[in-house]
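Visitor: show me the folded form of this:
(one chain, ligands or ions: 2)
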Amino acid sequence: MEETVRKIMEPILSVENLSVHFSDKPVLQDVSLSLWPGEITVIVGPSGSGKSTLLRAVNRLNELYPHCRTSGSVRLRIHGESGDVYRGFMALSELRQRVGMVFQTPAVFPFSIQKNLTLPLQVYLGVNGSTLTERMEEILRDVGLWEEVKDRLRDDATTLSGGQQQRLCIARMLALKPAVLLLDEPTASLDFKSAARIEKLLLNLKRRYGILAVSHSLAQTRRIADRVCVLREGRIVQELDHEHLRDPDAFQTIIDVAF
Ligand SMILES: Nc1ncnc2c1ncn2[C@@H]1O[C@H](COP(=O)(O)OP(=O)(O)OP(=O)(O)O)[C@@H](O)[C@H]1O
Ligand SMILES: [Mg+2]
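Guide: Ligands and ions are numbered 1, 2, ... in the order given. Next comes the predicted model:
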């Protein structure tokens, strides 16, 4: 029993003493945070405080910049095993599969809706034949897109609305069987209704994935966050958990710092 409780309470992801420099400029300093099962953690903070850099550090995307230097650790737990992604826990390609990322502007591939999903399924997971179609439908249902696109699967993905494109991007990320979802202001380019659909989707997905999201909206943070980390000048200056978030005054304390 104790073992079960301990496993449930282990974080899916632990960022420990993470620091990132671009050239000589410190952008993140000594950042630590954990992602817990069943929770959405939202990072808030002023523009330039390091929110996107923090997400990109988790899946080692900052390494695309040669002048970037990272120290500290990012421990990921997959199927009961955990390890530091900066110390060879898994190959980079597997890391990008296990830790999916969605950006502010939906970035669909410039080919059909169907192929946006079947290509990653075939290439990364070797799914083929009838399983491919079944899996595609299952994922599109997961993100609430199936009914909207089932009769136009061969249409170019760029003909979808912004909100539909963002859900397709989330679907593509889910296709790769991730453990952690990174979302960098996923609704920033969407209208209110499309944003509300994505928020609802995230609230459903949090039962199955560790979710780390960046938001620029206080109202959105209030609606979706189970835990809030406030970043300022590259440091976490405040962390609000369940208990704090139930306190109506708690958000007031972060408004001046983060929004
Ligand atoms: N590739 C890069 N090379 C050099 N500096 C960078 C790079 N990426 C980010 N920075 C710098 O790091 C700091 C943090 O940037 P980051 O994009 O993480 O901020 P942010 O909190 O996401 O801001 P915003 O809310 O505007 O998206 C900024 O000063 C930015 O100029
Ligand atoms: Mg950003």
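
Visitor: residues of the stretch 1-150 of the chain that sit close to ligand 1?
Guide: For the stretch 1-150 of the chain, the residues in contact with ligand 1 (Cβ under 6 Å from any ligand atom) are 22, 27, 45, 47, 48, 49, 50, 51, 52, 53, 65. The way it works is simple: take the backbone N, C-alpha and C, and place the C-beta from them, glycine included.

Visitor: near ligand 2, which of those residues show up?
Guide: When contact is defined as Cβ under 5 Å from the ion, these meet ligand 2 at 51, 52.

Visitor: looking at the residues of the stretch 1-150 of the chain next to ligand 1, which are in strands?
Guide: The members of these that map onto strands under DSSP state E are 22, 27.

Visitor: most widely separated two among the residues of the stretch 1-150 of the chain next to ligand 1?
Guide: Spatial extent of those (Cβ to Cβ) is set by the pair 45 and 65 at 20.5 Å.

Visitor: for the two, indicate the residue with more neighbours.
Guide: Taking neighbours as other Cβ atoms under 10 Å, residue 45 and residue 65 compare with residue 45 leading, 25 against 13.

Visitor: that older thread, list only buried entries from the residues of the stretch 1-150 of the chain next to ligand 1.
Guide: 27, 45, 49, 50, 51, 52, 53 (16 or more other Cβ atoms under 10 Å).

Visitor: show me where pLDDT drops low in this protein?
Guide: Counting by pLDDT under 70, the chain contains low-confidence residues at 1-8, 255.

Visitor: spatially central residue for it, please.
Guide: Nearest to the mean C-alpha position of the chain, counting by Cα atoms, centre = their mean, stands residue 182 at 1.5 Å.

Visitor: look at that residue and tell me its secondary structure.
Guide: With DSSP: H, G, I helix; E, B strand; the rest coil as the basis, the three-state label of residue 182 is strand.

Visitor: outside of stretch 39-50, which residues touch it?
Guide: Under the criterion Cβ atoms under 8 Å, 6 or more residues apart in numbering, residues 20, 27-28, 31, 33, 35, 51, 54-55, 202-203, 206, 210-216, 218, 221, 224-234, 254, 257-259 lie in contact with stretch 39-50.

Visitor: residue 215: neighbouring residues, count only.
Guide: Residue 215: 27 neighbours (other Cβ under 10 Å).

Visitor: how about it, phi and psi?
Guide: Here is the backbone geometry of residue 215 (degrees, to the nearest 10): phi -140, psi 140.

Visitor: quick one: it from ligand 1, how far?
Guide: 10 Å (Cβ to the nearest ligand atom, to the nearest Å).

Visitor: that residue contacts residue 221, correct?
Guide: Yes - contact criterion Cβ atoms under 8 Å: residue 215 and residue 221 qualify, at 5.0 Å.

Visitor: in this structure, what residue comes closest to ligand 2?
Guide: Closest approach between the chain and ligand 2, counting by Cβ to the ion: residue 52, at 3.2 Å.

Visitor: excluding chain neighbours, give the residue nearest to that residue in space.
Guide: Nearest residue to residue 52, sequence neighbours excluded (Cβ to Cβ, 6 or more residues apart in numbering): residue 184, at 5.4 Å.
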